[in-house]
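> A predicted structure for the sequence below; I have some questions about it.
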Amino acid sequence: MAVLLLFEMKRQPTNSMTRFPATQLFCTAIFVLFAAAGSRVSAAAAQELLRGFTASPDPSGSSFQSLLRDTAGNYSLGFLRVNRAQLALAVIHVPSSEALWVANPTRLPRWSKATRVLFNGSLVISDPQTGVFWSTQTDGDRVWLNTSNLEIQKLDASHSILWQSFYFPSDTLVENQNFTSTMSLVSSNGLYCMRLGSDFIGLYANFNQASGSGQIYWKHRALEAKADVIDGQGPIYLVLSPDGFLGMYQNRSVPVDVQSFSSFQQRGSGARRVRLEPDGNLRGYFWTGSSWVLDYQAIPDSDQCELPSACGSYGLCQQGKGCSCIDNRTDYNSGHCSSSENNSGDFCGQSNNSKYRVVRRNGLELPYKDLMGFEKMGSQAQCEEACENNCTCWGVVYTNSSGFCYTLSYPIQTLVAVGDETKVGYFKVAEGAGKKEMGVGYGVGIGFLCVAVLSFLVLVGFVVYRLRMKKRGHNGYMEEEENGVGVGPYKDLGSASFRSIELCQR
């Protein structure tokens, strides 16, 4: 049919000025039709990845490059650009471009043609220089998306699943995904995680990488309203229900706990997800068809000071009044109270043991003190002395009325302002490298500055003098000019004076 159409066009009596655009338009239309057909074939082929598949990111590509889609086209696996120059292998919700799962290599590969994702029985991320970044370590036949669950299967009679992303969540849970005691959700910044205990959900902060397990800051115990947690009948697990609640189960039939969302029992509201956010809060959302709507918060807005770092390091949170700093000398208008480089490591080691100053503050307490261990001591001085002599201690909070001494073995985070002045905080503030040296050389720097200023004033006086002599016609001045004694540029000042000015500017 295409050939006949082209033949008819050639037979029509048109001049050369009209024939070329018409022919070009026809060929373009044919090309678009074939391209569309080709894209449909590619889309159909991209519903599964078979052995031998390999792909690399397009260097000029956008923020996401799709490799695989589910049958409905709602979810996609592909390259997700991270920090412009790096990539992650991710499953996204296509209508919103929201990442629901991300592979977790030890470090991120580059966004370049050298980086490859291949399927050789295992799904692998690698490049020639580094080798393998991440692998499923399987011997499967195909990769496909079962809604948002990435699966590797054997193409045998049973179609057995060898690996699935639901067993390795990143920071998000989706509907009907079982979250067990062997799993954890980790926030995208790596500071917070969610784990299950014997009968509770716990949120943990990892402010000190050396501590390992982290500090628990939120705990929800099973209320056991409909069923009891029975010892010996297996661990509990968590499921996000399409009905709009987060259920805790020991067996699938009856939940031992239900946390209802705002849209509880509202069917047809679209996809649901729960994510551990970078601020440490656990939030639930549902998809309206055009946007994700907030549906649940483990720590509500009315208790935002209960977040582990609501005002950042060395911050002080007062509910309804915002943030300030523990140290009254520091202004919070900059958005933080302490630089991040002063909040790593501890105070152990001979060279670092004394590099801190102490800040004391009354009328504050820990946001999650009920979940922290404490030691009862006879006085505030005794509590502070215990921290002072412990190089892993960053601070203590002491309550005079009870004698409870809470020790902080990690860099100081946000404290909560209270009206009780008997609650006292003692905090070590790490000094940045070189700060003491700057303090010792402060007087020397001032001395250099004075010498530089004096030299400059002498130079100005000399210039004025010579200008006056020239105006009077003094012949000696011209001779001095010929002999090269004139005023030079700023960079030709005496080396010692110039170094002094440069040192002062640093």
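In hand now; what should we look at?

> confirm for me that Thr392 is in contact with Thr407.
No. Taking Cβ atoms under 8 Å as the definition, Thr392 is not a contact partner of Thr407, at 9.1 Å. C-betas here are computed from N, CA, C, even on glycine.

> pLDDT at the spatially most central residue of the chain, what is it?
What sits nearest the mean C-alpha location of the chain, by Cα atoms, centre = their mean, is Asn189, with 3.0 Å. The predicted local distance difference test score for Asn189 is 93.

> contacts only, for it.
If you count contacts by Cβ atoms under 8 Å, 6 or more residues apart in numbering, Asn189 has them with Pro278.

> confirm that it sits in a strand.
No. Using DSSP: H, G, I helix; E, B strand; the rest coil, the assignment for Asn189 is coil, not a strand.

> do you know how far it is from Ile230?
Counting by Cβ to Cβ, to the nearest Å, the gap between Asn189 and Ile230 amounts to 37 Å.

> just Gly284 next, same as before
Gly284 sits 28 Å away from Ile230 when distances are taken as Cβ to Cβ.

> what do you get for Leu366?
For Leu366, the distance to Ile230 - Cβ to Cβ - is 34 Å.

> ok, those two, which is more surrounded?
When Leu366 is set against Ile230 and neighbours are counted by other Cβ atoms under 10 Å, the residue ahead is Leu366, at 21 against 10.

> doesn't Gly395 make contact with the more buried one?
No. When contacts are counted by Cβ under 8 Å, Leu366 is not listed as touching Gly395 (10.0 Å).

> overlap in contacts of those two?
Shared contacts of Leu366 and Gly395, defined by Cβ under 8 Å, 6+ apart, are found at Leu408.

> and stretch 83-92, average pLDDT?
Taken as a whole, stretch 83-92 has an average pLDDT of 95.

> can you pull the buried residues of it?
Of the residues in stretch 83-92, those scored as buried under the neighbour-count criterion (16 or more other Cβ atoms under 10 Å) are 87-92.

> and the chain, split by domain according to the record?
In the assignment given by automatic domain parsing, the structural domains of the chain cover 45-167, 169-299, 313-436, 441-505.

> now these as CSV including distance to Cys305?
Written out in CSV, the entries for the domains of the chain read as follows (distance: least, Cβ to Cβ, whole Å):
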stretch, distance to Cys305
domain 45-167, 28
domain 169-299, 9
domain 313-436, 4
domain 441-505, 39
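
> low-confidence bits of the stretch 301-450 of the chain, can you list those?
Filtered on pLDDT under 70, the stretch 301-450 of the chain yields the residue ranges 334, 339-345, 349-354, 432-450.

> and the strands in it, which stretches?
In the stretch 301-450 of the chain, strands defined by DSSP state E, counting those that start in this stretch lie at 315-318, 322-325, 356-362, 364-365, 375-376, 395-399, 404-408, 415-417, 423-430, listed in chain order.

> of these, which is nearest Gly140?
strand 404-408 (47.4 Å; Cβ to Cβ).

> quick one on the thing from earlier: the domains of the chain: which one's closest to Leu307?
Closest to Leu307 of the domains of the chain, according to Cβ to Cβ: domain 169-299, at 5.4 Å.

> quote the end-to-end distance of the closest one.
Across its full length, domain 169-299 reaches 22 Å end to end, with Cα to Cα, to the nearest Å as the criterion.

> now stretch 106-123
The first and final residues of stretch 106-123 sit 16 Å from each other (Cα to Cα).

> and it, what's buried?
Residues of stretch 106-123 classed as buried under the neighbour-count rule (16+ other Cβ under 10 Å) are 108-109, 111, 115, 117-119, 122-123.

> now the helices for the protein?
Taking DSSP state H as the test, the helices found in the chain are 2-11, 16-45, 380-388, 435-440, 442-471, 475-482, 495-505.

> I'd like to know which elements the third one is packed against.
What it means is helix 380-388. Here helix 380-388 touches strand 395-399, strand 404-408, strand 423-430, going by 3 or more Cβ pairs under 8 Å, 6 or more residues apart in numbering; DSSP states H and E.

> out of those strands, which gets nearest to Asn206?
Checking the helices and strands packed on helix 380-388 against Asn206 by Cβ to Cβ gives strand 404-408 as the closest, at 14.1 Å.

> and for that closest one, what's in contact with it?
Strand 404-408 is contacted from outside by 366, 369, 372-377, 382-383, 386-387, 390, 393-398, 427, using Cβ under 8 Å, 6+ apart.

> same question, stretch 387-399
Contacts to stretch 387-399, defined as Cβ under 8 Å, 6+ apart, come from residues 346-349, 353, 364-366, 369, 377, 380, 383-384, 386, 404-412, 415, 422-428.

> run the last query once more with 6 Å
Contacts with stretch 387-399, where a contact means Cβ atoms under 6 Å, 6 or more residues apart in numbering, come from 346-348, 353, 365-366, 380, 383, 405-409, 411-412, 423-428.

> kindly write the ChimeraX command that selects the buried subset of those.
Here is the ChimeraX command that selects the buried residues among the contacts of stretch 387-399 (16+ other Cβ under 10 Å):
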select :346,347,365,366,380,383,405,406,407,408,409,411,412,423,424,425,426,427,428
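
> mind showing which ranges of the stretch 101-250 of the chain have poor pLDDT?
Low-confidence segments of the stretch 101-250 of the chain, defined by pLDDT under 70, are located at 209-213.

> now the strands of the stretch 301-450 of the chain as TSV including distance to Asp171?
Written out in TSV, the entries for those read as follows (distance: least, Cβ to Cβ, whole Å):
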stretch	distance to Asp171
strand 315-318	24
strand 322-325	25
strand 356-362	34
strand 364-365	29
strand 375-376	35
strand 395-399	29
strand 404-408	26
strand 415-417	26
strand 423-430	30
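
> tell me which of those strands lies nearest to Gly197.
In this view, the strands of the stretch 301-450 of the chain are compared for proximity to Gly197 by Cβ to Cβ, and strand 404-408 is the closest at 21.5 Å.

> quick one: the closest one to strand 395-399, angle?
160 degrees (axes from the mean of the first three to the mean of the last three Cα atoms, to 10 degrees).

> and the angle from strand 404-408 to helix 380-388?
Using the same axes, to 10 degrees: strand 404-408 against helix 380-388 is 20 degrees.

> okay, now the sheet partners of strand 404-408, with direction.
Within its sheet, and counting by DSSP bridges, strand 404-408 is paired with strand 375-376 (antiparallel), strand 395-399 (antiparallel).

> would you format the ones you listed as a markdown table with mean neighbour count and distance to Gln153 included?
Written out in a markdown table, the entries for those read as follows (neighbours: other Cβ atoms under 10 Å; distance: least, Cβ to Cβ, whole Å):
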| stretch | mean neighbour count | distance to Gln153 |
| --- | --- | --- |
| strand 375-376 | 12 | 55 |
| strand 395-399 | 23 | 53 |
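
> out of these, flag the one nearest Leu145.
strand 395-399 (48.2 Å).

> so Phe79 sits against Ser63, correct?
No. Between Phe79 and Ser63 there is no contact, the gap being 9.3 Å when judged by Cβ atoms under 6 Å.

> more neighbours: those two, which one.
Under the neighbour definition other Cβ under 10 Å, Phe79 and Ser63 were set side by side, and Phe79 has more, 25 against 12.

> re the thing from before, I'd like to know how far the residue nearest to the centre of the chain sits from Ser96.
21 Å.

> Ser112 too?
Distance of Ser112 to Ser96, given as Cβ to Cβ: 27 Å.
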